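In: based on what follows, work out the 3D shape:
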Amino acid sequence: MALKSIFIDQSELPPRIYNCLKRSNIYTLLDLLNNSQEDLMKMEHFRIEDVKQILGILEKIS
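Out: All right, here's what the predicted structure looks like:
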């Protein structure tokens, strides 16, 4: 399945992380992967633990 067709609300992201991504106009896994860890850390209310959790979820998907 193409990453651009997998929406972040279809993944197992916790609501807080999902809302942070959505506020930053990240709607698909492709959008998410087009951002660096540094980009993600610049988002309001985003933490390093969130990045680690996202990486864990992406590993399960791939």
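In: so the most centrally placed residue in the chain is in which element?
Out: With the centre of the chain defined as its mean C-alpha position, the nearest residue by CA atoms, centre = their mean is residue 32, 4.9 Å away. Assigned by DSSP states H and E, residue 32 belongs to helix 29-33.
In: now do the buried residues in that helix.
Out: 29, 31-32 (16 or more other CB atoms under 10 Å). Quick note: C-beta positions are derived from backbone N, CA and C, even for glycine.
In: including distance to residue 10 and pLDDT, could those go into JSON lines?
Out: Below are the buried residues of helix 29-33 laid out as JSON lines (distance: CB to CB, whole Å; pLDDT from 0 to 100):
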{"residue": "29", "distance to residue 10": "9", "pLDDT": "91"}
{"residue": "31", "distance to residue 10": "13", "pLDDT": "95"}
{"residue": "32", "distance to residue 10": "12", "pLDDT": "93"}
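In: where does this structure dip in pLDDT?
Out: 1, 3 (pLDDT under 70).
In: max-length helix in it?
Out: Longest among the helix segments of the chain by residue count, using DSSP state H, is helix 48-61.
In: what sits up against it?
Out: Outside of helix 48-61, the residues within contact range by CB atoms under 8 Å, 6 or more residues apart in numbering are 6, 11-14, 16-17, 20, 29, 32-33, 37, 40-41.
In: can I get these in JSON lines with secondary structure?
Out: Shown next, in JSON lines, are the contacts of helix 48-61 (DSSP: H, G, I helix; E, B strand; the rest coil):
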{"residue": "6", "secondary structure": "coil"}
{"residue": "11", "secondary structure": "coil"}
{"residue": "12", "secondary structure": "coil"}
{"residue": "13", "secondary structure": "coil"}
{"residue": "14", "secondary structure": "coil"}
{"residue": "16", "secondary structure": "helix"}
{"residue": "17", "secondary structure": "helix"}
{"residue": "20", "secondary structure": "helix"}
{"residue": "29", "secondary structure": "helix"}
{"residue": "32", "secondary structure": "helix"}
{"residue": "33", "secondary structure": "helix"}
{"residue": "37", "secondary structure": "helix"}
{"residue": "40", "secondary structure": "helix"}
{"residue": "41", "secondary structure": "helix"}
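In: which ChimeraX command selects the buried ones in those residues?
Out: If you want just the buried ones from the contacts of helix 48-61 in ChimeraX, going by 16+ other CB under 10 Å, the selection is:
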select :11,13,17,20,29,32,40
